[in-house]
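Peer 1: can you look at this prediction? I've put the sequence above it.
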Amino acid sequence: QVQLVESGGGLVQAGGSLRLSCAASGRTFSSYVMGWFRQAPGKEREFVAAISRSGGSTYYGDSVKGRFTISRDDDKNTVYLDMSSLKPEDTAVYYCAARLRAGVGVYSPNSYDYWGQGTQVTVSS
């Protein structure tokens, strides 16, 4: 089992940047595919980005491609989401998630086994 704790959220102006971090407990962090999702009020949870166990493959939602970058540091048991050129529509609670299975399904929240508590990101216009 793994516990996930997000940090780094906050208020930023449109066009600005923010880095989210997700620290994982346990000694098997490298066994997990890691993902970021977000949920705005009244909307469904949306896939943002995912990274493979090795870090060699990354996946992005269409709305964040070219603006967000996911990375991982297995020595620190941490996954990051670097967000730039932020827009008001990026405002949401951002969640970190982990799954043991690789391959198909990284885009679906239902395929993840563990979730963090979320961190609020607010982008002002």
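Peer 2: Thanks, I have it. Numbers count the residues shown, from 1 in each chain.
Peer 1: didn't Ala23 look like it was pressed against Val5?
Peer 2: Yes. Look at Ala23 against Val5 with CB atoms under 8 Å: they come within range, at 5.0 Å. (C-beta placed from N, C-alpha, C; glycine too.)
Peer 1: can you pull the phi/psi pair for Ser111?
Peer 2: phi -90, psi 0 (degrees, to the nearest 10).
Peer 1: burial count for it?
Peer 2: Look at Ser111: counted by other CB atoms under 10 Å, it has 17 neighbours.
Peer 1: didn't it look like it was pressed against Leu100?
Peer 2: No. Taking CB under 8 Å as the definition, Ser111 is not a contact partner of Leu100, at 10.0 Å.
Peer 1: which residues are common contacts for these two?
Peer 2: Shared contacts of Ser111 and Leu100, defined by CB atoms under 8 Å, 6 or more residues apart in numbering, are absent.
Peer 1: so for this protein, which residue is the most central one in space?
Peer 2: Trp36 (2.1 Å; CA atoms, centre = their mean).
Peer 1: what lines up beside the host helix or strand of that one in the sheet?
Peer 2: Element membership for Trp36 (DSSP states H and E) is strand 33-39. Looking at strand 33-39 with DSSP bridges, its partner strands are strand 46-51 (antiparallel), strand 92-99 (antiparallel).
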